[in-house]
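In: One predicted model, sequence on top.
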Amino acid sequence: MATSPQTVFNPNVISKKIRVLGVPLDLGQSRRGVDMGPSAVRVAGLEAKLEALGHVVEDGGNVSVPLAETKSPGEHAAKYLDEITKICQKHAELVLKSLEEGRVPLSLGGDHSMAAGTVSGIAEYFRRQNQKIGLLWMDAHSDINTPESSPSGNVHGMPLAALMGLAPLELANIFSFSPKIAPENCVIVGVRDVDTAEKENIRKSGIHVFTMRDIDERGMRAVMEEALRLAGRNTVGYHVSLDMDWIDPEDAPGVGTPVWGGATYREAHLAMEIIADHGRMLSFEIVEVNPVLDERNQTAELAVELALSAFGKKIL
């Protein structure tokens with residue numbers, strides 16, 4: 001990855017109170033090391049750089065996650081589901097508390113199964129105010145498998161299915177309501193690796209999907225503008241779930257399930273800058289940073305850069 005140009009912090013950034021929440025979860029997938037993702041992103045200077053941008057940042061620490069070796073994986077169709085559900089419930093409660101205290105949750109993963117907790121916490125907070133939220137899912141994968149359709153039984157391929165009320169029910173029913181997002185307000189951007197059964201789940205759910213072909217043909221700006229319009233239509237705002245494998249592995253090598261042909265370094269920044277321009281992001285999460293597979297913490301450093309862009313950093 002080329003060295004990024006020197007940037008100037010935007011003096012017009014609206015200061016936010018941000019709470020960083022770490023979820024060192026690695027039970028949802030089979031490649032170890034992603035549990036160190038929150039630490040890698042913190043080491044890359046997340047808090048200090050957000051504060052330099054003008055935000056007020058506090059670190060809420062990490063959700064406690066047991067070692068895989070100390071727990072039984074349970075059913076092969078959804079391995080470690082019981083433990084993942086408990087962790088997501090804890091994380092959902094921390095997200096909910098952060099919002100109640102006027103903080104913007106910035107969640108660091110960990111594998112993508114943690115999103116079932118992140119989104120549940122946000123959806124519950126606004127449900128209590130009779131409002132609904134949108135969801136922007138930026139990922140190489142659609143993560144809408146169910147235990148019945150998953151070829152691997154890895155739960156990090158199931159969180160969107162849970163949030164849409166399909167399955168697994170344990171994750172779907174956090175805070176005892178489902179679905180967490182209306183399908184017309186759920187948008188996947190940049191997908192390029194979808195299992196056969198997931199295609200049927202996508203059609204069944206009614207969510208919106210923009211593939212990498214859409215980005216190639218229409219450009220990132222046009223896709224993001226439409227995606228944000230859909231996610232934001234008749235909602236209070238939207239959560240942004242950024243899986244680092246959304247970005248091409250040339251720029252983000254430190255991920256567990258890399259897929260060539262992803263968003264470029266500049267496309268990724270443009271997407272984040274457009275999100276910041278719209279000003280309706282309620283919460284942000286970065287998942288699937290795996291330092292074991294990374295090169296000199298390159299992926300974690302890019303994750304921090306993208307978070308800064310999403311929170312208002314501009315070139316001029």
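Out: Now that the structure is in, tell me what you want to look at.

In: Where does pLDDT dip in this protein?
Out: 1-12 (pLDDT under 70).

In: and the residue sitting nearest the centre point of it, what does it touch?
Out: Closest to where the C-alpha atoms of the chain average out (C-alpha atoms, centre = their mean) is residue 241, at 2.3 Å. Contacts were defined as C-beta atoms under 8 Å, 6 or more residues apart in numbering; by that measure residue 241 touches 112, 115, 118, 119, 135, 136, 137, 138, 139, 285, 287. Every residue, glycine included, has its C-beta placed from N, CA and C.

In: Now neighbour count and secondary structure too, for those, in a markdown table please.
Out: Shown next, in a markdown table, are these (neighbours: other C-beta atoms under 10 Å; DSSP: H, G, I helix; E, B strand; the rest coil):
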| residue | neighbour count | secondary structure |
| --- | --- | --- |
| 112 | 33 | helix |
| 115 | 31 | helix |
| 118 | 30 | helix |
| 119 | 29 | helix |
| 135 | 29 | strand |
| 136 | 24 | strand |
| 137 | 32 | strand |
| 138 | 26 | strand |
| 139 | 26 | coil |
| 285 | 27 | strand |
| 287 | 31 | strand |
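
In: Now do the buried residues in stretch 224-240.
Out: 224, 226-228, 230-232, 235-240 (16 or more other C-beta atoms under 10 Å).

In: Secondary structure class of residue 105, three-state.
Out: On the three-state scheme (DSSP: H, G, I helix; E, B strand; the rest coil), residue 105 is labelled strand.

In: I'd guessed it sits against residue 99; true?
Out: Yes. Using C-beta atoms under 8 Å, residue 105 makes contact with residue 99 at a distance of 6.7 Å.

In: Who has more neighbours out of the two?
Out: residue 105 (25 against 20; other C-beta atoms under 10 Å).

In: Pull the contacting residues for the more buried one.
Out: By C-beta under 8 Å, 6+ apart, the contact list for residue 105 reads 19, 21, 94, 95, 98, 99, 118, 121, 122, 283, 284, 285.

In: repeat that with 7 Å
Out: 19, 21, 95, 98, 99, 283 (C-beta atoms under 7 Å, 6 or more residues apart in numbering).

In: The fourth one: what secondary structure?
Out: Assigned by three-state DSSP, the conformation of residue 98 is helix.

In: Pull up the gap between it and residue 18, please.
Out: Look at residue 98 and residue 18: by C-beta to C-beta, to the nearest Å, they are 9 Å apart.

In: Any buried residues in stretch 32-40, and which?
Out: Buried, per 16+ other C-beta under 10 Å, within stretch 32-40: 33, 34, 35, 36, 37, 38, 39, 40.

In: Then stretch 157-174?
Out: Those would be 157-168, 170-172, 174, for stretch 157-174 by 16+ other C-beta under 10 Å.

In: Looking at the buried residues of stretch 32-40, which two lie furthest apart in space?
Out: 33 and 38 (12.1 Å; C-beta to C-beta).

In: related to what we said a few turns ago, would you agree the residue nearest to the centre of the chain falls within a helix?
Out: No. Per three-state DSSP, residue 241 lies outside any helix segment and is strand.

In: Identify the bridge partners of it.
Out: With DSSP bridges as the criterion, residue 241 is bridged to residue 137, residue 285.

In: quick one: it and residue 103, what's the gap?
Out: Residue 241 is 18 Å from residue 103, where distance means C-beta to C-beta.

In: and if you look at residue 71?
Out: Distance of residue 71 to residue 103, given as C-beta to C-beta: 31 Å.

In: Just want to know which of the two has more residues nearby.
Out: Shown here are residue 71 and residue 103; by other C-beta under 10 Å, residue 103 has more neighbours (21 against 13).

In: For that one, which non-adjacent residue is closest in space?
Out: residue 19 (3.9 Å; C-beta to C-beta, 6 or more residues apart in numbering).

In: which ones are touching that neighbour?
Out: For residue 19, the contact set (C-beta under 7 Å, 6+ apart) comprises 58, 60, 98, 103, 105, 106.

In: Determine the number of other residues adjacent to the closest residue to residue 183 other than its chain neighbours.
Out: With C-beta to C-beta, 6+ apart as the criterion, residue 183 has its nearest non-adjacent residue at 3.7 Å, and that residue is residue 206. A total of 11 residues lie near residue 206 under the criterion other C-beta under 10 Å.

In: What of residue 213?
Out: For residue 213, using other C-beta under 10 Å, the count is 11.

In: Equivalent analysis for residue 184, please.
Out: For residue 184, the neighbour count with other C-beta under 10 Å is 15.
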